[in-house]
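Participant: Fold the following for me, if possible:
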Amino acid sequence: MKLEIIIDILFDLLSKKSVTALYLSQKYGVSTRSIYRYIACLENAGVPIYTTRGKYGGFSIIDTYRLSATFMTVAEFEQTINALTSITESVPDKLLSNALNKLKAAVKNEYAELDIKSGSLIIDAGRWGDTAGYKSKLAVVTKSIDESRKLYIKYHDRNGEITERLTEPHYIVLKQGLWYVYAYCHLRKGFRFFKVGRIENAYVTNEKFVRQNIRAQDLPLEFWENGNVAERVVLKVEKRVLSDVEEWLGIENIEKIGDEYFAKATLPTDNGLVSKIMAFGDGVKVLAPAKLQKMITEAAKKILSCY
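Facilitator: Numbering: from 1, shown residues only. The predicted structure is shown next:
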């Protein structure tokens with residue numbers, strides 16, 4: 001624990017101009033006396049830390065100090081490089097590409113005698129059978145963000161409505177295995193999440209936009225695509241469809257009680273959920289909420305009436 005805190009303090013010092021003992025003690029839940037001991041450990045290890053006294057004082061590292069590439073192991077370099085490579089292949093990004101090149105150069109300089117192998121992480125942005133088309137849309141969105149130029153999209157929503165929109169993309173978001181664009185929509189007069197898979201076509205216009213000061217950590221990532229309110233859903237799951245439900249909701253949301261399996265998750269109770277549950281046939285039974293049971297029953301009656 002002590003070593004972990006010392007390493008974290010080092011990165012605090014590298015990322016901030018100055019930090020106080022009080023800030024560090026509150027952040028890591030230790031006494032200020034312990035913080036001074038940890039700072040002394042870093043100094044003994046050769047880290048050039050200087051202390052400024054007074055009201056606006058604190059600990060700082062001289063600006064010219066840099067970590068050696070050997071602070072990471074070869075295996076850590078392999079995985080980091082491979083992850084960045086996978087991401088940049090799916091979503092082209094100049095800053096990520098530059099960071100990747102710097103990491104590769106650091107490896108070459110510090111571990112010249114070693115062969116850095118490819119790692120085990122692969123990220124494929126495309127859907128089954130259409131990797132190229134999917135990646136091309138992500139590339140267009142990335143270009144719009146990089147050049148701060150408005151993006152025109154033709155979009156299909158969940159209700160089947162097709163609209164043409166002028167947008168101002170700010171972020172590309174990967175959530176639950178799906179790619180979204182967070183953009184200001186001129187049609188709706190506000191920021192929206194657009195699922196990349198629902199964009200029929202897109203092109204970057206010549207019209208510039210001023211990017212708003214929205215931090216990534218402030219994005220409303222707890223969203224449902226169609227804006228429905230989420231409810232606690234309880235399902236009884238037959239063993240023959242268990243693996244499919246586990247992939248859908250996650251193993252952590254499946255509970256075995258005796259010889260029976262139950263799934264519990266917070267989900268939007270909409271037509272999309274009804275379709276998903278009905279795709280399991282009699283392998284999944286809704287136990288709660290009653291509203292969702294009624295929706296399933298009505299949908300089943302409509303199907304039956306077709307025959």
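
Participant: what about Met295, helix or strand, and which?
Facilitator: Secondary-structure assignment from DSSP states H and E places Met295 in helix 290-305.

Participant: neighbouring contacts of that helix?
Facilitator: Helix 290-305 is contacted by residues Glu231, Val233, Thr269, Asn271, Leu273, Val274, Ser275, Ile277, Met278, Val286 when judged by CB atoms under 8 Å, 6 or more residues apart in numbering. Backbone N, C-alpha and C define where each C-beta goes, glycine included.

Participant: Which of these sits closest to Lys150?
Facilitator: Asn271 (32.0 Å; CB to CB).

Participant: how many other residues sit next to that closest one?
Facilitator: 14 (other CB atoms under 10 Å).

Participant: ok, it - contacts?
Facilitator: Counting by CB under 8 Å, 6+ apart, Asn271 touches Arg158, Met295.

Participant: Return the distance of it relative to Met295.
Facilitator: Applying CB to CB, to the nearest Å, the value for Asn271 to Met295 is 8 Å.

Participant: Pull the most distant pair out of the contacts of helix 290-305.
Facilitator: Glu231 and Met278, at 17.6 Å, using CB to CB across those.

Participant: helices and strands around the helix or strand hosting Asp146, which ones?
Facilitator: According to DSSP H and E, Asp146 maps onto helix 131-147. Judged by 3 or more CB pairs under 8 Å, 6 or more residues apart in numbering; DSSP states H and E, the packing partners of helix 131-147 are strand 149-156, strand 162-175, strand 178-185, strand 199-208.

Participant: show me the contacts for the most centrally placed residue in the chain.
Facilitator: By CA atoms, centre = their mean, the chain has its centre lying nearest to Leu174, at 4.8 Å. The contact partners of Leu174, by CB under 8 Å, 6+ apart, come to Tyr180.

Participant: that older thread, buried residues in the helix holding Met295, which are they?
Facilitator: Leu292, Met295, Ile296 (16 or more other CB atoms under 10 Å).

Participant: ok, Thr163 - contacts?
Facilitator: Lys154, Tyr155, Asp157, Leu187.

Participant: Any chance of TSV for these, columns neighbour count, pLDDT and distance to Leu14?
Facilitator: Shown next, in TSV, are these (neighbours: other CB atoms under 10 Å; pLDDT from 0 to 100; distance: CB to CB, whole Å):
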residue	neighbour count	pLDDT	distance to Leu14
Lys154	14	94	45
Tyr155	21	93	42
Asp157	13	84	45
Leu187	12	95	44
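
Participant: could I get these as CSV with distance to Ser15?
Facilitator: What follows is the contacts of Thr163, written out as CSV (distance: CB to CB, whole Å):
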residue, distance to Ser15
Lys154, 42
Tyr155, 39
Asp157, 41
Leu187, 40
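
Participant: so which of those residues comes closest to Ile81?
Facilitator: Tyr155 (35.4 Å).

Participant: which residues does the closest one contact?
Facilitator: Ile162, Thr163, Glu164, Arg165, Phe194, Arg198, Ile199, Glu200.

Participant: can you give me the strands in the stretch 201-307 of the chain?
Facilitator: Here the stretch 201-307 of the chain has its strands, by DSSP state E, counting those that start in this stretch, at 230-237, 254-257, 260-268, 284-288.

Participant: Now tabulate these in JSON lines and tack on mean neighbour count and mean pLDDT.
Facilitator: Formatted as JSON lines, the strands of the stretch 201-307 of the chain follow (neighbours: other CB atoms under 10 Å; pLDDT from 0 to 100):
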{"stretch": "strand 230-237", "mean neighbour count": "17", "mean pLDDT": "91"}
{"stretch": "strand 254-257", "mean neighbour count": "12", "mean pLDDT": "92"}
{"stretch": "strand 260-268", "mean neighbour count": "16", "mean pLDDT": "91"}
{"stretch": "strand 284-288", "mean neighbour count": "17", "mean pLDDT": "96"}
